[in-house]
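[1] Predicted model and sequence follow; I will ask about them next.
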2 protein chains.
Amino acid sequence: MDTQWLSREELATWVRLLTVVELLPSRLDTQLRRDSALTHFDYYVLAMLSEAPERTLRMTALAERTAATLARLSHVVQRLEGRGLVERFPCPQDKRATNARLTATGWAKVQEAAPGHVRTARQLVIDALTPEQIAQLHEITEAVLARLDPEGKRASLHRHYD
Amino acid sequence: MDTQWLSREELATWVRLLTVVELLPSRLDTQLRRDSALTHFDYYVLAMLSEAPERTLRMTALAERTAATLARLSHVVQRLEGRGLVERFPCPQDKRATNARLTATGWAKVQEAAPGHVRTARQLVIDALTPEQIAQLHEITEAVLARLDPEGKRASLHRHYD
DNA sequence: CTCTAATAGTTGTAGCGACAACTAAAGGGA
DNA sequence: TCCCTTTAGTTGTCGCTACAACTATTAGAG
């Protein structure tokens, strides 16, 4: 049971990755909060609904696409419903299930927030990388996700974009 | 002011990156919480202190190495002090400043937690990648950090590992 | 030698997320 | 049919983080 410590190069990379993982979410939150009064997670919930048929998804499906637990999603959707951006209604086919649907106000909100968010994504990440690096990062995140979420229980989102 | 939307490849990569950024911290937290009753951030604070001369750092220096705001660090160190893992004392040279020092108990805690944490880091990320991918990820995170933290105000940590 | 601005750190508060406990409905034997 | 398990979702609570407001000390301009 000897510990396999990290090599110099592995450690340097690991530390940089942690720093990115630490800083990126707060940057995204800050921009969206300031410009649209949404957290980044709020935005993603709305964005996923906006791309779904009828702008409607079951809570479980929405949770997968946003890589969230059902509990967290439930809290968030409750708040979004209170703000009139989303509405919930029981699923007719399965009485256990709940559907979440984007309201007209919610749709307008996403439309308004999207350009600024994309600009931020470019500024902070995408435009900092060469096309080759984008391709490399694609492979790298793919490999890591296979470890983080082997069965794809959470985080099915990326499969919709292949 | 037309929006430069993301290409198919850019979007797929961006979504994967977001998923990693969403899932990785909670995985690290879960392991450390379960095995050592520490958050990942707690662990990093203790780890940074353990590598410093005298196992002591000024709050500002510690905040940079952990990519945290001073406010956040202050709260965390307060809690760690309450648990006897860290102690604080005023800096003699600069009466505004506070030094944080790892206690013997804190040192023991890091020693105990480190192997499990490294094993997790390998399992989830490092061992999922080839040496080439590690090198690529090093470059990629470097480029992104230059955007996230241009002046290196926060996140000076990685420079200690070059 | 002031007086102002910058630096160092702390604290209060509010909001979000993790975890555990819970209800309710559907599925699946025997 | 009955019972047990699984699935779907909600809710309460606690702890952590962001943000803003605050104090105290130091550095720098004039």
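    Perfect, thanks for sending it. Numbering: from 1, shown residues only, chains lettered A, B, ... in the order given.
[2] Chain A: helices as residue ranges?
    Using DSSP state H, the helices of chain A run over A:8-36, A:40-51, A:59-65, A:70-82, A:104-124, A:131-148.
[3] Throw those helices into a markdown table and include mean neighbour count, thanks.
    (Glycine included, C-beta is placed from N, CA and C.) Compiled in a markdown table, the helices of chain A are given as follows (neighbours: other Cβ atoms under 10 Å in any protein chain shown):
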| stretch | mean neighbour count |
| --- | --- |
| helix A:8-36 | 19 |
| helix A:40-51 | 21 |
| helix A:59-65 | 20 |
| helix A:70-82 | 15 |
| helix A:104-124 | 17 |
| helix A:131-148 | 18 |
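[4] so which of those helices comes closest to residue B:121?
    Among the helices of chain A, helix A:8-36 comes nearest to residue B:121, with 5.9 Å by Cβ to Cβ.
[5] From the chain's centroid, how far away is the closest one?
    Chain-centre distance of helix A:8-36: 14 Å, with Cα atoms, centre = their mean, to the nearest Å.
[6] what residues does chain A put near DNA strand D?
    Counting by Cβ under 7 Å from any atom of the strand, the residues of chain A close to DNA strand D are A:26, A:29-30, A:33, A:58-60, A:63, A:70-71, A:73-75, A:77-78, A:88, A:91, A:94, A:96-99.
[7] Dump the helices of chain A to CSV, plus distance to residue B:130 and mean pLDDT.
    Putting the helices of chain A into CSV (distance: least, Cβ to Cβ, whole Å; pLDDT from 0 to 100) gives the following:
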stretch, distance to residue B:130, mean pLDDT
helix A:8-36, 12, 94
helix A:40-51, 31, 97
helix A:59-65, 29, 95
helix A:70-82, 34, 97
helix A:104-124, 26, 95
helix A:131-148, 9, 96
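[8] if we compare those, which one ends up closest to residue B:49?
    Using Cβ to Cβ as the criterion, the shortest distance between residue B:49 and these is 15.5 Å, found for helix A:8-36.
[9] between the closest one and helix B:131-148, how many degrees?
    Calculated by axes from the mean of the first three to the mean of the last three Cα atoms, to 10 degrees, helix A:8-36 forms an angle of 40 degrees with helix B:131-148.
[10] Pull the contacting residues for the closest residue to residue A:49 other than its chain neighbours.
    With Cβ to Cβ, 6 or more residues apart in numbering or on different chains as the measure, residue A:102 is the residue that lies nearest to residue A:49, at 4.2 Å, once sequence neighbours are left out. Going by Cβ atoms under 8 Å, 6 or more residues apart in numbering or on different chains, residue A:102 touches A:46, A:49, A:50, A:55, A:56, A:85, A:86, A:110.
[11] and the fourth one, how many neighbours does it have?
    Translated: residue A:55. Under the neighbour criterion other Cβ atoms under 10 Å in any protein chain shown, residue A:55 is assigned a count of 19.
[12] Spatially central residue in chain A, please.
    For chain A, the residue sitting closest to the mean C-alpha position, by Cα atoms, centre = their mean, is residue A:66 at 4.5 Å.
[13] Quick check: which of the residues of chain A next to DNA strand D are also close to DNA strand C?
    A:71, A:75, A:94, A:96.
[14] Between all of the residues you listed, which two are separated the most?
    The farthest-apart pair in these, when distances are taken by Cβ to Cβ, is A:75 and A:94, at 21.9 Å.
[15] next one: phi and psi at residue A:6?
    phi -80, psi 140 (degrees, to the nearest 10).
[16] my read: it touches residue A:14, true?
    Yes - at 6.2 Å, residue A:6 and residue A:14 qualify as touching, with contact defined as Cβ atoms under 8 Å.
[17] what's the overlap in contacts for the two?
    Taking Cβ under 8 Å, 6+ apart as the contact rule, the neighbours common to residue A:6 and residue A:14 are B:121, B:126.
[18] Up against DNA strand C, what does chain A have?
    With Cβ under 7 Å from any atom of the strand as the criterion, chain A comes near DNA strand C at residues A:39, A:41, A:68, A:69, A:71, A:72, A:75, A:76, A:79, A:94, A:95, A:96.
[19] Name the nearest residue to the second one, ignoring sequence neighbours.
    Nearest non-adjacent residue to residue A:41, counting by Cβ to Cβ, 6+ apart: residue A:76, 6.4 Å away.
[20] Name all residues that make contact with that neighbour.
    Remark: with contacts taken as Cβ under 8 Å, 6+ apart, residue A:76 is in contact with A:41, A:42, A:45, A:68.
[21] Which residue, other than its chain neighbours, is closest to residue A:44?
    The spatial neighbour of residue A:44 that comes closest, neighbours along the chain excluded (Cβ to Cβ, 6+ apart), is residue A:66 at 5.2 Å.
[22] so who does that neighbour touch?
    Taking Cβ under 8 Å, 6+ apart as the definition, contacts of residue A:66 comprise A:41, A:44, A:45, A:48, A:73, A:157.
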